[in-house]
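Asker: have a look at this prediction, sequence included:
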Amino acid sequence: MVPSRRNAGFSLVELLVAMFIGVVLYALVVGPSREHVRRQKLADCAENLRKLHMVLTLYANEHDGAFPVAAGARSSDEILASLVPRYTSDRTFFSCPATGHGGHTDFAVVTGLRKDSPVSLLASDAQVNAEPKLRGAKIFADTEGARGGNHGAAGGNLLFTDGHVETTGTAAPRDLSPPAGAKILNPAQ
């Protein structure tokens, strides 16, 4: 004869084991999916910069190879606003998907460049400041919500005058100082 249990419930040990298994499964499923979401937002941000390059190139083609410059501009918002509506009516790619600002400018822009400029920085995620960036200098913040922290510790994206986009960490991988006469403008805060 098999002894019967008085309580038909679970023991504390059984509940703890079940909870432990649940936590492990959650970590295995959700952990990688969060990383995938982070990488996807970084890739979507890079795609927005490529779209921005196409629009800036259309502008440059009509302005003797010069990218937009706005005298007295204090932010990249003013530069990118000069592209609407003549070169684009869609402002959604002026922002980084990681910030959730959709339609508001999240990108820094370097003014005073030409299409034939030596390979140099044209635009990026918002930067920590508008100072020239030497190799190893901090470009992006390593925490989300801070100036230049679009992607947190993942760094950000850099768009160059030739149209290629590089994803980099928070520090400049090489000298990214703009040439003489050019300056970095961050989006307004």
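Answerer: Now that the structure is in, tell me what you want to look at.

Asker: remind me, longest helix of the protein?
Answerer: Using DSSP state H to define each element, the chain has its longest helix at helix 12-62.

Asker: so what touches the next helix or strand after that one?
Answerer: As assigned by DSSP states H and E, the chain's next helix or strand after helix 12-62 is helix 76-81. By C-beta atoms under 8 Å, 6 or more residues apart in numbering, the residues outside helix 76-81 that reach it are 52, 68-70, 73, 91, 94, 105, 107-109, 111, 123, 185-188. C-betas here are computed from N, CA, C, even on glycine.

Asker: on that earlier part again, packing partners of the longest helix of the chain?
Answerer: Judged by 3 or more C-beta pairs under 8 Å, 6 or more residues apart in numbering; DSSP states H and E, helix 12-62 is in contact with strand 107-111, strand 121-125, strand 156-160, strand 165-168.

Asker: what does the first one contact?
Answerer: Counting by C-beta under 8 Å, 6+ apart, strand 107-111 makes contact with 48-49, 52, 67-70, 73, 76, 79-80, 94-96, 120-127, 130, 159, 178, 182-187, all of which sit outside it.

Asker: then the third one?
Answerer: Strand 156-160 has contacts (C-beta under 8 Å, 6+ apart) with 42, 45-46, 49-50, 52-53, 107, 119-125, 139-140, 148, 150, 165-168, 170, 176.

Asker: show the buried residues in the contacts of helix 76-81.
Answerer: Buried members of those, counted by 16 or more other C-beta atoms under 10 Å: 52, 68, 70, 73, 91, 94, 105, 107-109, 111, 123, 185-187.

Asker: would you show me how to pick out the buried ones of the contacts of strand 156-160 in ChimeraX?
Answerer: Burial among the contacts of strand 156-160 is assessed by 16+ other C-beta under 10 Å; the matching ChimeraX selection reads:
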select :42,45,46,49,52,53,107,120,121,122,123,124,125,139,140,148,150,165,166,167,168,170,176
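
Asker: just to revisit the earlier point, including mean pLDDT and distance to Glu62, could the helices and strands packed on helix 12-62 go into TSV?
Answerer: As requested, those are exported to TSV (pLDDT from 0 to 100; distance: least, C-beta to C-beta, whole Å):
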stretch	mean pLDDT	distance to Glu62
strand 107-111	93	17
strand 121-125	90	17
strand 156-160	94	20
strand 165-168	94	23
